[in-house]
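J.: sequence-free structure coming up:
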């Protein structure tokens, strides 16, 4: 008998965690640059290039975590059909004596990572897009070159690692779900144990930084945030800290129409009711008012006062 047969949720939880660990490594380096520019004298292009050159091993670790996380998420989807699809089909590769006694599932040789997309597309209800196989293949090649050999010309670039995480999340976790998965991870990581009050601000700060790094088409695709559309203050995020009340203009009308009565904030993943009326303060042209308090989400003042 085969024991300890994995569940799809087991693979998924590990896969999401590996993506989060890779994401955190890359973002920590970006925040180091931001701190240098804020508190230091700034970085010229030569010093910034040297910074990323010195970070190559950390970026390689991040990429390896993303590759492992992607494999686990593919296995989660395949396992949802049947965990036996992941086991090598050749009985000659099965553990010795498995026909005579109990054997743990983990002792069986599983299919090669290069075959995961093929197996997924064969049995899943909805196939992955054709370019996903290329992205996964490139990810595996870079990981293998780093872990098993020394490819002198290989240089890891931070932004594509973040983009890969978002693409993998879109196809294997769910459309525009990464901000929610990131929040769930940060709320239970070791830093939250030490500073639970700072975890929400940390998530919002990350997402604000990432949207500055990505193109408008990418932020729209992965977060539902159109950088070319008018932005409003988010009443939920503003409660996290006074600093965010000023900076966090991440809420937008949904849909973006003159009579729309809701705003959506991608950082906190909340939809909030608003009233469409002109702000009572003459120096403000805002016309999106928070239903509950009467605050103008453009100037943050209460209308009628």
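T.: Great, that's in hand. Being a predicted model, the structure only gives us computed values, none of them experimental. Residues are numbered from 1 along each chain as shown.

J.: Residue 52 touches residue 161, doesn't it?
T.: No. Contact criterion C-beta atoms under 8 Å: residue 52 and residue 161 do not qualify, at 11.7 Å. Backbone N, C-alpha and C define where each C-beta goes, glycine included.

J.: So for those two, which residue has more residues nearby?
T.: Between residue 52 and residue 161, counted using other C-beta atoms under 10 Å, the more crowded position is residue 161 (22 against 15).

J.: confidence score at that one?
T.: Predicted confidence (pLDDT) for residue 161: 97.

J.: What is the strand or helix carrying it packed up against?
T.: Assigned by DSSP states H and E, residue 161 belongs to helix 158-172. In terms of contacts (3 or more C-beta pairs under 8 Å, 6 or more residues apart in numbering; DSSP states H and E), helix 158-172 is packed against helix 8-39, helix 56-81, helix 130-148, helix 178-186, helix 199-213, helix 216-223.

J.: who does the lengthiest strand in the chain pair up with?
T.: Determined from DSSP state E, the single longest strand within the chain is strand 270-275. As defined by DSSP bridges, the strand partners of strand 270-275 come to strand 262-265 (antiparallel), strand 289-290 (antiparallel).

J.: Tabulate those strands (JSON lines), appending distance to residue 135, mean neighbour count and mean pLDDT.
T.: Shown next, in JSON lines, are those (distance: least, C-beta to C-beta, whole Å; neighbours: other C-beta atoms under 10 Å; pLDDT from 0 to 100):
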{"stretch": "strand 262-265", "distance to residue 135": "28", "mean neighbour count": "20", "mean pLDDT": "96"}
{"stretch": "strand 289-290", "distance to residue 135": "41", "mean neighbour count": "20", "mean pLDDT": "94"}
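
J.: JSON lines please, covering those strands and showing distance to residue 250.
T.: As requested, those are arranged in JSON lines below (distance: least, C-beta to C-beta, whole Å):
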{"stretch": "strand 262-265", "distance to residue 250": "5"}
{"stretch": "strand 289-290", "distance to residue 250": "15"}
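
J.: pLDDT weak spots in the protein?
T.: 37-43, 148-153, 241-247, 305 (pLDDT under 70).

J.: how does it divide up, domain by domain?
T.: Here the domain parsing of the chain from automatic domain parsing is 2-174, 199-290.

J.: Compare the ones you listed and give me the one nearest residue 184.
T.: domain 2-174 (8.3 Å; C-beta to C-beta).
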